[in-house]
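Undergrad: Show me how the following folds:
(one chain, ligands or ions: 1)
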Amino acid sequence: MEILGTKNHKIIHGDALEAMRTKIADNSVDLIFADPPYNIGKNFNGHLDKWAKDEDYLNWCYEWLDLCIKKLKPNGSFYVMTSTQFMPYFDIYLRNKLHILSRLVWSYDSSGVQAKKYYGSMYEPILFCAKDRNNYTFNADDILIEAKTGAKRKLIDYRKTVPTVYNSEKVPGNVWNFARVRYRMDEYENHPTQKPIALLERIIKASSNKGDLVLDPFSGTFTTCFVAKELGRNCIGIDLQEDYIKIGLRRLQLSNEHKGEKLQKEIRSFETEKLATTLNYKLFEEPDGKRIHGKY
Ligand SMILES: C[S@@+](CC[C@H](N)C(=O)[O-])C[C@H]1O[C@@H](n2cnc3c(N)ncnc32)[C@H](O)[C@@H]1O
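TA: This next block holds a predicted model:
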């Protein structure tokens, strides 16, 4: 296991369970966002996200769920994701140990999902839990969204003693609409299940304060740590895969290189074309289908 980054923004290359057991103090974390492998066969850089039996996956999850609870401060908050088919097990397991305050649905449009004989999956569930239902951070004013009734339709509530215009802002409900991260978006990184910055912004703003410690045991592209740092929070991010550690180091601007390798964002196909145009080069299609650069 290797600990990289700085005192306030740590990146741990290693197993989340081992790192939490040995490198993170109990009752020390203000907010945990955990987005584990979902056991649905995604390919994480050659590592298949699939356990031999569902029970094996769940038993592994119960182990790190317990560790997350142990690491949380008494007033800490915990957001956890998994696939729709496993979330009911998480829910039943956690409701005996924490207070489940919201069952969130991250909903998105996905033209890629075009099921013909059933209803395509267009959402992912998130549980929002606290250790103490009477003492946890919730910065409602920092995450307000437009309340259409008040802001757009300017309706007046005549049921009140003094008729009042409806509020123009409100705390979001439990269905959240955020676009998935697409190849052409600026924030895109090469990872199969990258979460959007906007999703993490809402969670971190609501459930932590400046200077608080945010932990993400399954960091992937380090979206959580990236947003935490941008918002003035401290963070610890863990991932097993070195390629993702490199994304984290670069995204959080913690290092320009890793083991002698310069850390640069991968150039996407459409960027090569843009770059070629800027440099006065053109992409030519060869008869064998290969694309090459040539001078205009
Ligand atoms: C669903 S992805 C997380 C995506 C992340 N939320 C993002 O925004 O990019 C799960 C990640 O967990 C990592 N992982 C799987 N098993 C792990 C383990 N035992 N310890 C640490 N990381 C692990 C995978 O490499 C993968 O990057």
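Undergrad: buried ones in stretch 126-137?
TA: Ile126, Leu127, Phe128, Cys129, Ala130, Lys131, Tyr136, Thr137 (16 or more other CB atoms under 10 Å). In short, each C-beta sits where N, CA and C put it, glycine included.
Undergrad: Out of those, list just those in strands.
TA: Applying DSSP state E to the buried residues of stretch 126-137, the entries found in strands are Ile126, Leu127, Phe128, Cys129, Ala130.
Undergrad: May I see the residues you listed organised as TSV, with pLDDT added?
TA: Shown next, in TSV, are those (pLDDT from 0 to 100):
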residue	pLDDT
Ile126	98
Leu127	98
Phe128	98
Cys129	98
Ala130	98
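Undergrad: Which one of those is nearest to the ligand?
TA: Ile126 (11.3 Å; CB to the nearest ligand atom).
Undergrad: Give the bridge partners for the closest one, please.
TA: Assessed by DSSP bridges, Ile126 has beta-bridge partners Met81, Leu104.
Undergrad: what's it in contact with, if anything?
TA: Applying CB atoms under 8 Å, 6 or more residues apart in numbering to Ile126 gives the contacts Tyr79, Val80, Met81, Arg103, Leu104, Val105, Trp106.
Undergrad: Can you tell me the closest non-neighbouring residue to Tyr244?
TA: Gly220 (5.7 Å; CB to CB, 6 or more residues apart in numbering).
Undergrad: so the one you found makes contact with Ile245?
TA: No - using CB atoms under 8 Å, Gly220 makes no contact with Ile245, being 10.5 Å away.
Undergrad: any residues in contact with both of those two?
TA: The overlap between the contact sets of Gly220 and Ile245 (CB under 8 Å, 6+ apart) consists of Asp239.
Undergrad: Just give the closest residue to Asn139, not the sequence neighbours.
TA: Computed as CB to CB, 6+ apart, the closest residue to Asn139 that is not its neighbour in sequence is Ala206, at 5.5 Å.
Undergrad: so what's that neighbour scoring on pLDDT?
TA: Per-residue pLDDT puts Ala206 at 98.
Undergrad: Hmm, it is touching Leu144, no?
TA: No - in this structure Ala206 lies outside contact range of Leu144 using CB under 8 Å: 10.4 Å.
Undergrad: Please compare the two by neighbour count and tell me which comes out ahead.
TA: Ala206 (20 against 13; other CB atoms under 10 Å).
Undergrad: tell me the phi and psi of that one?
TA: When read as degrees, to the nearest 10, the backbone of Ala206 gives phi -70, psi -40.
Undergrad: Would you enumerate the residues in contact with it?
TA: Per CB under 8 Å, 6+ apart, neighbours of Ala206: Thr137, Phe138, Asn139, Ala140, Asp142, Ile143.
Undergrad: Sweet, I'm off.
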